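K.L.:
let's see this in three dimensions:
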Amino acid sequence: MLTGQAWPGDLTRGLTITGGGNALAKLKLERARDRIAGDGLLTLLVSLAQTRDLKGYGFSLEYDPAKYEFVEAREANGSLLKSGTGQETLFLASDRTPGRVDIGAVRVDGEGVSGNGTLVELVFQASETPAASDFQISESVLIGMDGSIDLLSHVEIGDLNPLPDRFELKQNMPNPFNPSTVIGYQLAEAGPVRLAIYSVLGQEVRVLVDERHEAGGFTATWDGTDDLGRRVASGIYLYRLEAGDFTAARRMLLLK
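P.N.:
Take a look at the predicted model:
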């Protein structure tokens with residue numbers, strides 16, 4: 001933690017990083033979990049976790065202006081900073097510097113907020129499929145109700161891939177395989193998921209996935225063993241995906 005030091009960045013120039021109760025808070029940037037088809041718009045969400053008595057925040061988001069055009073920044077519905085009393089905040093968004101958006105907000109009442117929640121939505125016009133490496137958050141600071149200022153060290157760029165619009169079970173790769181293969185699948189909605197391996201006689205050999213998933217794309221690896229860890233014989237096997245009302249099955253070949 002930086003204590004008693006002035007942070008030299010443009011957004012926080014002149015601020016003194018004193019340290020406070022938000023040194024362990026976590027900031028995350030990820031794609032909004034909606035589907036915007038055909039218009040090239042990319043909506044990103046910025047959220048905070050593990051905050052204590054938070055009064056305000058500020059950060060800079062840097063991006064490639066050759067791939068993205070900034071459209072707008074707006075406070076998220078149910079913003080963490082507005083929780084509790086629902087009091088309006090003083091919100092600032094500036095894109096005067098190409099390739100960078102400066103964002104900041106502060107509560108104007110006398111109460112701080114604690115916990116987890118979203119802060120802001122940022123909308124870009126995208127010319128290519130987005131990648132996490134295209135964005136960087138810098139100069140992230142949190143302001144406590146006691147006037148303390150923490151420099152955020154826990155910053156994560158999450159999944160920026162669009163949500164799939166349909167369920168799909170993909171062909172395993174490689175196929176034929178030895179000793180292991182990867183099975184890909186995508187889910188259009190959140191829900192319970194079960195992915196299992198069967199012999200050609202319909203006997204269950206191995207359960208790879210049996211849990212709830214959010215919507216998105218996933219993979220599972222089969223190493224050619226059964227549920228007891230024993231190597232299975234060469235031959236044709238089936239794998240079956242069950243996700244809500246969706247079911248699908250494919251064949252694969254294990255060679256030794």
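
K.L.:
ok, which stretches of the protein are helices?
P.N.:
Here the chain has no helices by DSSP state H.

K.L.:
can you list the weak-confidence ranges in it?
P.N.:
For the chain, the stretches flagged by pLDDT under 70 are 1-15, 33-38, 85-86.

K.L.:
regarding it, what is its longest strand?
P.N.:
Scanning the chain for the strand with the most residues, using DSSP state E, yields strand 41-63.

K.L.:
may I see the buried residues of it?
P.N.:
By neighbour count on 16 or more other C-beta atoms under 10 Å, the buried set for strand 41-63 is 42-48, 51-61, 63. All C-beta atoms are positioned from the backbone trio N, CA, C, and that covers glycine.

K.L.:
ok, residue 242 touching residue 194?
P.N.:
Yes - here residue 242 reaches residue 194: they are 4.5 Å apart, a contact under C-beta atoms under 8 Å.

K.L.:
more neighbours: those two, which one.
P.N.:
residue 242 (18 against 14; other C-beta atoms under 10 Å).

K.L.:
the more buried one and residue 57, how far apart?
P.N.:
Residue 242 is 42 Å from residue 57, where distance means C-beta to C-beta, to the nearest Å.

K.L.:
and what of residue 208?
P.N.:
Distance, residue 208 to residue 57, using C-beta to C-beta: 41 Å.

K.L.:
and for residue 234?
P.N.:
58 Å.

K.L.:
ditto for residue 128
P.N.:
29 Å.

K.L.:
how about the strands in the stretch 151-256 of the chain?
P.N.:
Applying DSSP state E, counting those that start in this stretch to the stretch 151-256 of the chain gives strands spanning 154-157, 168-169, 181-187, 191-199, 204-213, 216-222, 235-243, 246-254.

K.L.:
can you put the ones you listed in TSV and add distance to residue 83?
P.N.:
TSV is the format used below for the strands of the stretch 151-256 of the chain (distance: least, C-beta to C-beta, whole Å):
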stretch	distance to residue 83
strand 154-157	21
strand 168-169	38
strand 181-187	30
strand 191-199	28
strand 204-213	27
strand 216-222	27
strand 235-243	34
strand 246-254	36
